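>>> Below is the sequence, then the predicted model.
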Amino acid sequence: DAKTTQPNSMESNEEEPVHLPCNHSTISGTDYIHWYRQLPSQGPEYVIHGLTSNVNNRMASLAIAEDRKSSTLILHRATLRDAAVYYCILRDWRNFGNEKLTFGTGTRLTIIP
Amino acid sequence: SQTIHQWPATLVQPVGSPLSLECTVEGTSNPNLYWYRQAAGRGLQLLFYSVGIGQISSEVPQNLSASRPQDRQFILSSKKLLLSDSGFYLCASRRPWGGHSTDTQYFGPGTRLTVL
């Protein structure tokens, strides 16, 4: 799976929107963009994924650049419970049988009350 | 969605002692199962994965082993623990491959292992 680059840490005020960036300049046309987050002392949880179009679900929105070389996870109204490490991962759908989900170091998001 | 159970939640073991961590899955049949380890302040490292009963693939050679005696049960074991085995162990599950919409892993709550 292709490599991604994320800032090590970010801070945001509670109840404000948060934009978490991810760069993936070597993305291929068959790579899906996945986001997971890991709350303190818990296992990671799936947040959202997309291919080309922007995606929305109950947890967040995913905005994908037109050239797909970057994406942004948007938390519309951050709460203290959103404090976590956020991981951006690329998954090539052609790699059926590639069971490795490669987590980088992610972005540690701190929410300020 | 799937529910992953892991136990124990925390464990303190002496060096050289054996280890057995158990993971069970609800909400799906014939899942792909995974064991990950996360050292303090580090990312997740895939240790083992299984695509079916008795089928185990190892990603990292070490003194750990895994077994899958039942469809939704995955066990991580060691005969003799090392100090370097300390970490946060996570079990994960994924439905059998059916396209990108199934490419989501569900993680358990983890077991924090301290080897002294």
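Thanks, I have the structure now. Numbering: from 1, shown residues only, chains lettered A, B, ... in the order given.
>>> could I have stretch B:29-44 exported to CSV, CA atoms only?
The C-alpha trace of stretch B:29-44 is given here as CSV (Å, rounded to 0.1, in the frame of the first residue of the first chain):
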residue,chain,number,x,y,z
SER,B,29,-19.0,-15.8,9.9
ASN,B,30,-15.7,-16.9,8.4
PRO,B,31,-13.9,-13.6,9.3
ASN,B,32,-10.3,-12.8,8.6
LEU,B,33,-8.7,-12.4,12.0
TYR,B,34,-5.6,-10.5,13.0
TRP,B,35,-3.2,-10.0,15.9
TYR,B,36,-1.4,-6.7,16.2
ARG,B,37,1.0,-5.3,18.7
GLN,B,38,1.5,-1.7,19.6
ALA,B,39,4.6,-0.7,21.6
ALA,B,40,4.3,2.4,23.8
GLY,B,41,4.0,5.5,21.6
ARG,B,42,4.4,3.5,18.4
GLY,B,43,2.3,2.4,15.5
LEU,B,44,0.6,-1.0,15.1
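>>> Now that stretch: buried residues?
Using 16 or more other Cβ atoms under 10 Å in any protein chain shown as the test for burial, stretch B:29-44 gives B:31-38, B:44. Where you see a C-beta, it was placed from the backbone N, CA and C, and this is true even at glycine.
>>> contact partners of stretch A:5-25?
With contact meaning Cβ atoms under 8 Å, 6 or more residues apart in numbering or on different chains, stretch A:5-25 is reached by A:2-4, A:31, A:33, A:35, A:68-80, A:82, A:86-88, A:90, A:104-113.
>>> Keep only those of those that are also close to chain B.
Taking Cβ under 8 Å from any Cβ of the partner chain as the test, chain B is in contact with A:104-106 out of the contacts of stretch A:5-25.
>>> In terms of helices and strands, where is residue B:23?
strand B:19-26 (DSSP states H and E).
>>> Equivalent analysis for residue B:112, please.
strand B:111-115.
>>> do the same with residue A:63
Applying DSSP H and E as the criterion places residue A:63 in strand A:61-64.
>>> what does chain B have sitting close to chain A?
Contact residues (Cβ under 8 Å from any Cβ) of chain B with chain A: B:4, B:32, B:34, B:42-44, B:46, B:49, B:51, B:57, B:59, B:88, B:90, B:92, B:97, B:99-100, B:103-110, B:112.
>>> Helix or strand for residue 47, just tell me which one.
I went with chain A, as the question did not name one. Assigned by DSSP H and E, residue A:47 belongs to strand A:44-50.
>>> Hmm, no, I was thinking of chain B.
Residue B:47 belongs to strand B:44-52, assigned by DSSP H and E.
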